[in-house]
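Q: Here you go, sequence then predicted model.
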Amino acid sequence: MKVYKTQPFISECFLEMIGMTEINQKNSKDHNLCNCMTCNSETVHISSSFESYNPFSSQVIELGKGQLIGGGHFQAIAGPCSVEGDHIFELAAQLKSFGVSILRGGAFKPRTSPDSFQGLGTEGLRLLSQAGKENDMLTVSEIMSERDIELYNDIDILQVGARNCQNYSLLKELGKTNKPILLKRGMATTIDELISCARYITQAGNQRVILCERGIRTFENKTRNTFDVSAIASLHNECSFPVIADPSHATGRKNLVAPCSLSALACGADGLVVEVHENPKEALSDKEQALTPSEYKQLIHDVKAMHNFMLNA
Ligand code: PEP
Ligand code: MN
């Protein structure tokens, strides 16, 4: 048994485990119009050997710029916790080169303490949108109040954070927009409640909802939250919304992000949102959980390998 350190351990052992040394590549006529990470890697044959559980059962949602999510289309979403300034441009270019098509970054931040960095506000949104445009990426950022909707005109996907999951007036207003909504599970929101929250958006007219498991609050304090990986599979059984996972907020610890990402995939996650910072020690928020770009590059390599393996299983 070879012993590797940190990230390479996961990568090499994982590939050995699934009997792959390189990613299998196949073409598919069905998916040749799509740009998602699955199709870019040209491995698109979907045949599930899971009898009672289909990890690719969610509906396909169009996100913009030819990007799809759900039903076997996988999206890697990455970026800093908070947009802090011009750093977003270099980071976006790096992430794009790793195959990321959706750039995340907070501008209006829901911080526990009012003394903590609150985000750059409208300037943060402007920088995020510009970095996205320069690198031909979609952008996603958290919106905290329905009063702010106009400020997000240049942002492609609106994120509802855990703290606002059951803010019904916000959900109803977002249901009147024509943008995809990334709805995160609240810290104490049950699976049924989360689905009801999504229905507030769809009943107001907007069908493009993506759910996100980001950990729930339990007695465990070794991690920031408890990653409820079974929620991903449960949600696929209960509804047809695409489901992604956020292993960064779920664990709060960078060394748990890679293993939890792979477990999310195994449960059928249609995407992952991961916090990446060029210099995590200096990050203005969530420095404990941010990966460096090179750590993320390794992770995304493993994720692609595993997703391809599942599609071909
Ligand atoms: C975030 O994504 O930046 C965030 C604050 O996440 P959550 O709402 O899951 O805590
Ligand atoms: Mn964060």
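A: Sure, I can see it. Ligands and ions are numbered 1, 2, ... in the order given.
Q: Residue 157 reaches residue 183, doesn't it?
A: No. Counting by C-beta atoms under 8 Å, residue 157 stays clear of residue 183, with 10.8 Å between them. For every residue, glycine as well, the C-beta is placed using N, CA and C.
Q: who's more crowded, the two?
A: residue 183 (26 against 23; other C-beta atoms under 10 Å).
Q: Is it correct that that one falls within a strand?
A: Yes. Using DSSP: H, G, I helix; E, B strand; the rest coil, the assignment for residue 183 is a strand.
Q: tell me the contacts of the residue of the stretch 101-250 of the chain found nearest ligand 1?
A: Going by C-beta to the nearest ligand atom, ligand 1 is nearest to residue 161 of the stretch 101-250 of the chain, at 3.0 Å. Applying C-beta atoms under 8 Å, 6 or more residues apart in numbering to residue 161 gives the contacts 110, 142, 144, 184.
Q: before we move on, back to that, so what sits against both of residue 157 and residue 183?
A: residue 210.
Q: any idea of the mean pLDDT in stretch 177-190?
A: For stretch 177-190, mean pLDDT rounds to 98.
Q: what do you get for stretch 148-158?
A: On average, stretch 148-158 scores 98.
Q: And stretch 67-79, by the same measure?
A: Rounded mean pLDDT across stretch 67-79 is 97.
Q: got it, and stretch 293-307?
A: Mean predicted confidence for stretch 293-307 is 97.
Q: just stretch 37-49 next, same as before
A: Stretch 37-49 comes out at a mean pLDDT of 57.
Q: Please shift the residue numbers so they start at 32 in all later answers.
A: Okay, using 32 as the starting number, the last item reads as stretch 68-80.
Q: before we move on, back to that, ligand 2 versus the residue of the stretch 132-281 of the chain closest to ligand 1, what's the distance?
A: Shown here: residue 192 relative to ligand 2, a distance of 9 Å by C-beta to the ion, to the nearest Å.
Q: neighbours of residue 149, just the number please.
A: So residue 149, with other C-beta under 10 Å, has 18 neighbours.
Q: again, but for residue 210
A: By other C-beta under 10 Å, 19 other residues sit near residue 210.
Q: Hmm, residue 185 and it touching each other?
A: No. Applying C-beta under 8 Å as the test, residue 210 and residue 185 come out as separate, 10.9 Å apart.
Q: anything in contact with each of those two?
A: By C-beta under 8 Å, 6+ apart, no residue touches both residue 210 and residue 185.
Q: Phi, psi for the closest residue to residue 240 other than its chain neighbours please.
A: Computed as C-beta to C-beta, 6 or more residues apart in numbering, the closest residue to residue 240 that is not its neighbour in sequence is residue 229, at 4.7 Å. Main-chain torsions, residue 229, degrees, to the nearest 10: phi -60, psi -40.
Q: so what pLDDT did residue 229 get?
A: With respect to pLDDT, residue 229 has a value of 98.
Q: residues in contact with it?
A: Neighbours of residue 229 in contact, by C-beta under 8 Å, 6+ apart: 214, 240, 242, 270, 272.
Q: again, 6 Å this time
A: Shown in contact with residue 229 (C-beta atoms under 6 Å, 6 or more residues apart in numbering): 214, 240, 272.
Q: Kindly report the residues of the stretch 182-331 of the chain close to ligand 2.
A: residue 317 (C-beta under 5 Å from the ion).
Q: again, 6 Å this time
A: 280, 306, 316, 317 (C-beta under 6 Å from the ion).
Q: The last one contacts residue 113, doesn't it?
A: No. At 7.9 Å, residue 317 and residue 113 do not qualify as touching, with contact defined as C-beta atoms under 6 Å.
Q: so where do the strands sit in the stretch 182-331 of the chain?
A: 188-191, 212-215, 240-244, 274-276, 302-306 (DSSP state E, counting those that start in this stretch).
Q: can you pull out the helices in the stretch 182-331 of the chain?
A: With DSSP state H, counting those that start in this stretch, the ranges of helices along the stretch 182-331 of the chain come out as 199-205, 222-234, 260-269, 278-282, 285-297, 324-342.
Q: Any chance of those helices in TSV with distance to ligand 1 as columns?
A: Listed next are the helices of the stretch 182-331 of the chain as TSV, based on distance: least, C-beta to the nearest ligand atom, whole Å:
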stretch	distance to ligand 1
helix 199-205	13
helix 222-234	12
helix 260-269	13
helix 278-282	4
helix 285-297	13
helix 324-342	16
